[in-house]
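A.B. asks: predicted model follows, preceded by the sequence.
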Number of protein chains: 2
Amino acid sequence: MLSTDLKQELAEIVGEAHLRDDPESRISHSYDATPMYQSLPDGIIYPGSTEEVQKILRIASRHRLPIVGRGAGSNLSADTVPVQGGLVMVMTRMNKILEIDQENLTATVQPGVLTKELHDAVESAGLFYPPDPSSMKVSTLGGNIAECSGGLRGLKYGTTKDYVLGLEAVLANGETIRTGGKLYKDVAGYDLTKLLVGSEGTLGIMTEAILKLIPLPEHRQAMVAHFTDLDTAAQTVSEIISARIIPCTLEFLDRKTIQVVEENARIGLPTDMEAILLVEQDGPRSTVNRDIERIRDICRKTGAAHVEVARTEEEGTRLMAARRNALSALARLRPTLILEDATVPRSRIAPMIREINRIAEKFRVTICTFGHAGDGNLHPTFLTDARNKEEIQRIEQAFDEIFEAAIRLGGTITGEHGVGMAKAPFLEWQVGKAGMEVLRGIKKAFDPQGLLNPGKIFTENPRKRAVDQT
Amino acid sequence: MLSTDLKQELAEIVGEAHLRDDPESRISHSYDATPMYQSLPDGIIYPGSTEEVQKILRIASRHRLPIVGRGAGSNLSADTVPVQGGLVMVMTRMNKILEIDQENLTATVQPGVLTKELHDAVESAGLFYPPDPSSMKVSTLGGNIAECSGGLRGLKYGTTKDYVLGLEAVLANGETIRTGGKLYKDVAGYDLTKLLVGSEGTLGIMTEAILKLIPLPEHRQAMVAHFTDLDTAAQTVSEIISARIIPCTLEFLDRKTIQVVEENARIGLPTDMEAILLVEQDGPRSTVNRDIERIRDICRKTGAAHVEVARTEEEGTRLMAARRNALSALARLRPTLILEDATVPRSRIAPMIREINRIAEKFRVTICTFGHAGDGNLHPTFLTDARNKEEIQRIEQAFDEIFEAAIRLGGTITGEHGVGMAKAPFLEWQVGKAGMEVLRGIKKAFDPQGLLNPGKIFTENPRKRAVDQT
């Protein structure tokens, strides 16, 4: 709860309508899209401008009040759960596309713009903003930048980081910094732009961004291939890349995911298959046609049981439905769904999936795996019930082993969801003691009082490794 | 000079053959490719492994000995001038391409590998490492990473930063960190990889890098267009991009550069033209042909005086010779050549060039401007004589105004050469006081004693702005 004095101070900045501390508002901002994390904030504030953000942060700094920046709260690492109370600062009022610059191919946006809204705006101008997190209909660009969101097109087009050219951010002390610009080349000092992308609200509050746009690909085509064994599917992924073809999406569904999607959505998926690959290519029409043809040949050569190329865009949409329906189909099966994002080098997908299956069996848990095969970014998805403490405990043990496996295979504990609270206990496994020290030093350089999204990325309770790595 | 004890300690690590403090060696490592900066090191050391780098840094830390990492010394910001003495650590013994991974499309390299050597190695495997700094025949990848080198292909393919997926770096205290991996997606903590790229040897010594490769474009075609006025040339650049075409190179030469190149190289350049644009496109053959045809049409429509499309690769090489000869031709004219890299948004090229010409006239200095029009990265090049103190003073005043103009036009004081000593006095103009504070905090997190490349990026003597910006 906020004191009366503090409330008045804050209301003077944003207006009473944009400050809340009633129980309903506090409860509805105590959690985000990540299951099993919840903590009440003292209040919620909705700034309308950079100046308001500055003033709020100066007050927060004076009162040592934690500030948790938030867009749509669609992140999957508990990054917007106000674990140490304080203010949740919701950026949705700052929701304008300030400019689409057709000469410099940039968009200048406020943090509250929805990802999909930017897609629509730039595509109608023949331009393209590739990052496409699954949450893009609800997620905000500020949230995408804070999390360095990925998506299906990462293999060919990269992630959010590759499209942020410049930022305006307010630091914990209320000072504003501006980084980068409408520039592809800028080496004036350390790259604060890329450092802020993916900083999960712990280094500053992003108030404006300059995003890079590219020409909209003129054509797009989809295809699907079914496989009776996992290794053939993984081998096919490798062969496609080895043939020097980079599809815009190259998605994977494992047997359990196929079965669950089919049981729920009845879209005609082959439930006897071990794996499905969904491929899309975009670009000039002739190149797309040639690439899809070559990929079809590769699938046949490696031994796909079935290959189907979409002849129309509607057919493509139908083929991709399996992937788009996956998450909602899985969500219907059990009350709680925990979506992980361990990522390995593309060549290690098959061993990683085998590890996941072994771990699922060992701990008697249900894991459906799908994800971005092309960039090794898998989503082992746990179907469970948060109220079943005993099962949750087994799931946590399974997490440990999955993260160990990802690291052992040259991968990472998180490919696109971020560290937040969910991965904080494991971060040292990934970056080492010396790495953690550097990360803490960077945090201190931006936010010496530790007021910006405290309890995220860093934790007092790191997880011990089951297997000693020394 | 190194004390006998210290010499012995260091020689035990690398062997006597790889430690030098004779006057000739010290003099030849007292400068780099940047004119007018020189300072003697105490010694030069050539480590052969990460372990040796660690041991050297531990000793340096104990003795508070500055360490200046160096590859070929081809940088243009005086970044490898040992301005506070200490050891120049030359990385050229660590010069192996450790792996070209065709499945994950990565190259793992040591810092001493020459840029061109990697180009050749990966291109013979049908792969492509796009960053192409002009110094690529002599520059090392470690140097490219430290400087975040750009090049001609930046517009379409980005710069070094876009191709570094992972790093091994030794910190000032001798600890090693490993960042990233063979992964396109990795959000485990702040992005230390991108932070180290372009850190100019001030945060750590890079000992290994994982680089991203892409498929080698199958075809490449060049063309040239001549313009009787500057605005038409700039307008043409804008029209090409507005037509949603991103050429792989889009280079510009101004009248003075054309005249000097022609006087020296006699390759048939039109000395009566205000500007030349050199364009190259790469990709699938059909796309390249179509793009080049469309660019030719655009040039004709905007009013180019002459347009020529290369019909063969040899013709392309001949057309591009003007650009490749520019620097060496200019270098023949006067004893000292100072190459700047002020960069503006692409749409502001014409105003920036006009500003440069105005400034040249005002201070009675010769500036030839050429560079990467497509990404707004210009190289205003001063022809002078370092011994002429009075002229150098006027040139320094001209710098001030050029940097002011670049910032005013939404650009940066350095697009691809880095801050080093040359731009350190101006950095605060670019990033502001709050930005400088953050940069200093980051430096401290990595190198609290300030031993890694001291005197670079940060300076005790920032330049006052002629025009007060408040």
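C.D. replies: The structure has been received and is ready for your questions.

A.B. asks: could you export the host helix or strand of A:Leu319 as CSV, CA atoms only?
C.D. replies: Assigned by DSSP states H and E, A:Leu319 belongs to helix A:313-333. What follows is helix A:313-333, C-alpha atoms only, in CSV (Å, rounded to 0.1, in the frame of the first residue of the first chain):
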residue,chain,number,x,y,z
GLU,A,313,-1.7,-18.8,-49.2
GLU,A,314,-4.8,-20.3,-47.6
GLU,A,315,-3.3,-23.8,-47.9
GLY,A,316,-0.2,-22.4,-46.2
THR,A,317,-2.3,-21.0,-43.4
ARG,A,318,-3.9,-24.3,-43.0
LEU,A,319,-0.6,-26.1,-42.8
MET,A,320,0.8,-23.7,-40.3
ALA,A,321,-2.3,-24.1,-38.1
ALA,A,322,-0.8,-27.1,-36.4
ARG,A,323,2.0,-24.9,-35.0
ARG,A,324,-0.2,-22.0,-34.2
ASN,A,325,-2.7,-24.2,-32.4
ALA,A,326,-0.1,-26.0,-30.4
LEU,A,327,0.0,-23.9,-27.3
SER,A,328,-3.7,-23.4,-26.9
ALA,A,329,-4.3,-27.1,-27.5
LEU,A,330,-1.8,-28.0,-24.9
ALA,A,331,-3.3,-25.5,-22.5
ARG,A,332,-6.6,-27.2,-22.6
LEU,A,333,-5.2,-30.5,-21.3
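
A.B. asks: taking the stretch 1-150 of chain A, what residue is nearest to chain B?
C.D. replies: Residue of the stretch 1-150 of chain A nearest chain B, by C-beta to the nearest C-beta: A:Glu103 (4.1 Å). All C-beta spots, glycine's among them, are computed from the backbone N, C-alpha and C.

A.B. asks: and that residue, what does it touch?
C.D. replies: B:Ser238, B:Ile241, B:Ser242, B:Arg346, B:Ser347 (C-beta atoms under 8 Å, 6 or more residues apart in numbering or on different chains).

A.B. asks: just A:Leu439 next, same as before
C.D. replies: By C-beta under 8 Å, 6+ apart, the contact set of A:Leu439 is A:Leu427, A:Val431, A:Ile457, A:Phe458, B:Gly189, B:Tyr190, B:Leu192.

A.B. asks: still on that earlier bit, what's whichever helix or strand comes after the helix holding A:Leu319 packed up against?
C.D. replies: Sequence order places strand A:336-339 as the next helix or strand after helix A:313-333, per DSSP H and E. Judged by 3 or more C-beta pairs under 8 Å, 6 or more residues apart in numbering or on different chains; DSSP states H and E, strand A:336-339 is in contact with helix A:313-333, strand A:377-384.

A.B. asks: and the spatially closest residue to A:Thr228 that is not a sequence neighbour, how close does it get to chain B?
C.D. replies: Spatial nearest neighbour of A:Thr228, chain neighbours left out: A:Ala305 (5.1 Å); criterion: C-beta to C-beta, 6 or more residues apart in numbering or on different chains. Distance, A:Ala305 to chain B, by C-beta to the nearest C-beta, to the nearest Å: 23 Å.

A.B. asks: residues contacting A:Ala305?
C.D. replies: A:His226, A:Phe227, A:Thr228, A:Pro270, A:Met273.

A.B. asks: repeat that for A:Gly174.
C.D. replies: A:Gln54, A:Lys55, A:Leu57, A:Arg58, A:Ser61.

A.B. asks: buried stuff in the helix holding A:Leu319?
C.D. replies: A:315-316, A:318-327, A:329-331 (16 or more other C-beta atoms under 10 Å in any protein chain shown).

A.B. asks: and stretch A:342-352, by the same measure?
C.D. replies: Buried, per 16+ other C-beta under 10 Å, within stretch A:342-352: A:Ala342, A:Thr343, A:Val344, A:Pro345, A:Arg346, A:Ser347, A:Arg348, A:Ile349, A:Ala350, A:Met352.

A.B. asks: near chain B too, which of those residues?
C.D. replies: Filtering the buried residues of stretch A:342-352 for proximity to chain B by C-beta under 8 Å from any C-beta of the partner chain leaves A:Thr343, A:Val344, A:Pro345, A:Arg346, A:Ser347.

A.B. asks: between the residues you listed, which is nearest A:Val261?
C.D. replies: A:Thr343 (22.2 Å; C-beta to C-beta).
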